[in-house]
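Undergrad: requesting a structural model of the entry that follows:
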Amino acid sequence: IDGDSIRILAKHETSKVEIAFKANELRKYFSIGNHVKVLNGRYEGETVGVVIRIEKERLHRLNMDGKVQVLPIQLVTKRKINRNAAAIDSQNNNLNVGDMSTRTNKTSLSSFFLIFCRTLTENGGIFVRKARNLLLAGGQELFQVIAFFP
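TA: Next comes the predicted model:
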C-alpha cells in the first residue's frame, strides 16, 4: 500500500506479476451463504424482526435472535422484504418464503427465517430459526416460512 495505490500478487502459479490499482477500486465479494456481520458504515448495528403487537405509544417486535423487544413506534423504519430471497436447508434444498418446512436439529449457518406455526400461541405463532435448522417439507405442515432475512 502506497497512499492511494495498492499492489497485489495473484495466487496463481503462472502469474508472478504484481498488479497495481487504486484503493477505491478494491471490492470484497461474498459467496451465497457466507455469514457477514456489519461492523461499520451505513448498515452498522441494524437488526430485523417482525411486529407482533402494537400498543398506543409502543410496539413489540420479535427480532432475529428470537427475543421480544418493546420499542417506541418512532424508532421503527419500514423495510421491503425480498420475496425472491432463498437459503439452503439442512439437506441442501432451496428454501424460499412461503415454503412448508419441518424443524430439524442440525448445525446452523447465518440466514434467519421467521416461521408461522398454527399451534403456537406465543408471539402470534411466529418464531425465528436459522436456515440450517430447517428441512423443506411437502404438503400441509404445521410450519410455514413467512419471511427471510439474509
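Undergrad: got a list of what residue 29 touches?
TA: By Cβ atoms under 8 Å, 6 or more residues apart in numbering, no residues touch residue 29. Quick note: C-beta positions are derived from backbone N, CA and C, even for glycine.
Undergrad: going along the chain from the helix or strand where residue 61 lies, find the next helix or strand for me.
TA: Using DSSP states H and E, residue 61 falls within strand 58-63. Of the helices and strands lying after strand 58-63 in sequence (DSSP H and E), the nearest is strand 68-72.
Undergrad: pLDDT (mean, whole number) over that next one?
TA: Strand 68-72 comes out with an average pLDDT of 84.
Undergrad: distance between the ends of stretch 117-127?
TA: 8 Å (Cα to Cα, to the nearest Å).
Undergrad: list the buried residues in the strand holding residue 61.
TA: For strand 58-63, the neighbour count (16 or more other Cβ atoms under 10 Å) marks 58, 59, 60, 61, 62, 63 as buried.
Undergrad: go on, stretch 119-128?
TA: Going by 16+ other Cβ under 10 Å, stretch 119-128 has these buried residues: 123, 125, 126, 127, 128.
Undergrad: would you turn the buried residues of strand 58-63 into a markdown table with pLDDT?
TA: Shown next, in a markdown table, are the buried residues of strand 58-63 (pLDDT from 0 to 100):
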| residue | pLDDT |
| --- | --- |
| 58 | 86 |
| 59 | 81 |
| 60 | 83 |
| 61 | 79 |
| 62 | 75 |
| 63 | 73 |
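Undergrad: least confident secondary structure element in the chain?
TA: Of the helices and strands making up the chain, the lowest-confidence element is strand 143-149, at a mean of 47, by mean pLDDT, DSSP states H and E.
Undergrad: just checking, residue 60 touches residue 73?
TA: No - judged on Cβ atoms under 8 Å, residue 60 makes no contact with residue 73 at a distance of 11.0 Å.
Undergrad: shared neighbours of the two, anything?
TA: With Cβ under 8 Å, 6+ apart, residue 60 and residue 73 have common neighbours residue 54.
Undergrad: how is the chain partitioned into domains?
TA: Split into domains by the TED database, the chain comes to 5-78, 86-148.
Undergrad: least reliable of those by average pLDDT, please.
TA: domain 86-148 (a mean of 59).
Undergrad: which of the buried residues of strand 58-63 sits closest to residue 3?
TA: Taking Cβ to Cβ as the measure, residue 3 lies nearest residue 63 of the buried residues of strand 58-63, at 42.4 Å.
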